[in-house]
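Visitor: below are the sequence and a predicted model for it; my questions follow.
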Amino acid sequence: MKKLILLLTLSFFTITLFAQELSNRKEPVFKAGEELKYRFKYGFMTAAEATLKVKDTDVKFDNRPVFQLTAEGRTAGSFNVFYKVRNRYDSYIDKTQLVPYLYTENIREANYRRNDKARFYQREKRIVTNKGDFKGDGQTFDIVSAYYFARSLDLTKIRPGDKFTMDYFLDDSVANLTVQYVGKERVKTPLGTFNCLKFSPSIQSGRIFRKGSKLYLWITDDNNRIPVKAHAEILVGSVTMELTDASGLKFPLMAAQ
């Protein structure tokens, strides 16, 4: 179950990685002080929780100011008994271009410990990590920076059925993913009902997903562009991600009327 929650967490946040195909807005839709909280439910049980934060920092890369993005994930309830997880991911992104300079992982899973980092050189299309050097084909993101970059995309011309392919760095390799825009839907969440944009990424059947499984993500159709829900069909049952709290937003979070 630990591996399942980890893989789905990565999948939910990499859904938005079609960013390279589109243009971002002049300003980010988020600001320092924003904090989002999510829970992952396996059936009726809460299996894991995640918190995303945007912070100001005095750190600079290439003499440019950056945001520090922090994502923390942890197992919850009885799942701690089987396999306790306390993971943290940090990404330092350019405040204007929203692309990453540095990505770090602090992994604590039962008795397993790992600390990794990746330095991004976007002009050279190069990623330097503590495990080696890697080459990208274009603009490349980590799983955290991709989520925030995608939120600031201009989606005014997107149409149902549109597909996007992207590159992202994960597990010591540069991979690609195809994402399809499904359309608009109204979604009920613990924080209320919201008008949303619905996306579906391509997935492969195997250890986690059965043949024909679907993975969907709903993002608020407002200035915030916050993922409020995700749902994945798996080999046994399904897993759902839900937004449980949002604070420090740049724009008011407006429930559907």
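Guide: Perfect, I can see it now.

Visitor: what's the end-to-end length of stretch 120-127?
Guide: 5 Å (C-alpha to C-alpha, to the nearest Å).

Visitor: can you pull the buried residues of that stretch?
Guide: Residues of stretch 120-127 classed as buried: 120, 122, 125, 127 (neighbour count, 16 or more other C-beta atoms under 10 Å). Where you see a C-beta, it was placed from the backbone N, CA and C, and this is true even at glycine.

Visitor: could you export the residues you listed as CSV, including secondary structure?
Guide: Formatted as CSV, these follow (DSSP: H, G, I helix; E, B strand; the rest coil):
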residue, secondary structure
F120, strand
Q122, coil
K125, coil
I127, strand
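
Visitor: as TSV, these with distance to N87 would be great.
Guide: Below are the buried residues of stretch 120-127 laid out as TSV (distance: C-beta to C-beta, whole Å):
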residue	distance to N87
F120	20
Q122	26
K125	28
I127	20
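
Visitor: tell me the one of those nearest Q68?
Guide: Distance to Q68, by C-beta to C-beta, is smallest for F120 among these, at 14.6 Å.

Visitor: who's in contact with the closest one?
Guide: By C-beta atoms under 8 Å, 6 or more residues apart in numbering, the contact set of F120 is 99-103, 126-127, 140, 142, 169.

Visitor: V66 versus that one, what's the distance?
Guide: Computed as C-beta to C-beta, to the nearest Å, the F120 to V66 distance reads 12 Å.

Visitor: overlap in contacts, these two.
Guide: Contacts common to F120 and V66, judged by C-beta under 8 Å, 6+ apart, are Y101.

Visitor: for this structure, give me the ranges with low pLDDT.
Guide: Across the chain, the ranges flagged by pLDDT under 70 are 1-26, 165-167, 177, 202-213, 235-237, 257.

Visitor: and the helices in it, which stretches?
Guide: Remark: helices assigned in the chain by DSSP state H are 2-14, 79-82, 143-151.

Visitor: buried ones among the contacts of F120?
Guide: For those, buried by 16+ other C-beta under 10 Å: 99-103, 127, 140, 142, 169.

Visitor: can you show me the strands along the stretch 101-250 of the chain?
Guide: Secondary structure of the stretch 101-250 of the chain (DSSP state E, counting those that start in this stretch): strands at 112-121, 126-129, 132-135, 163-169, 174-189, 192-201, 215-220, 227-233, 238-247.
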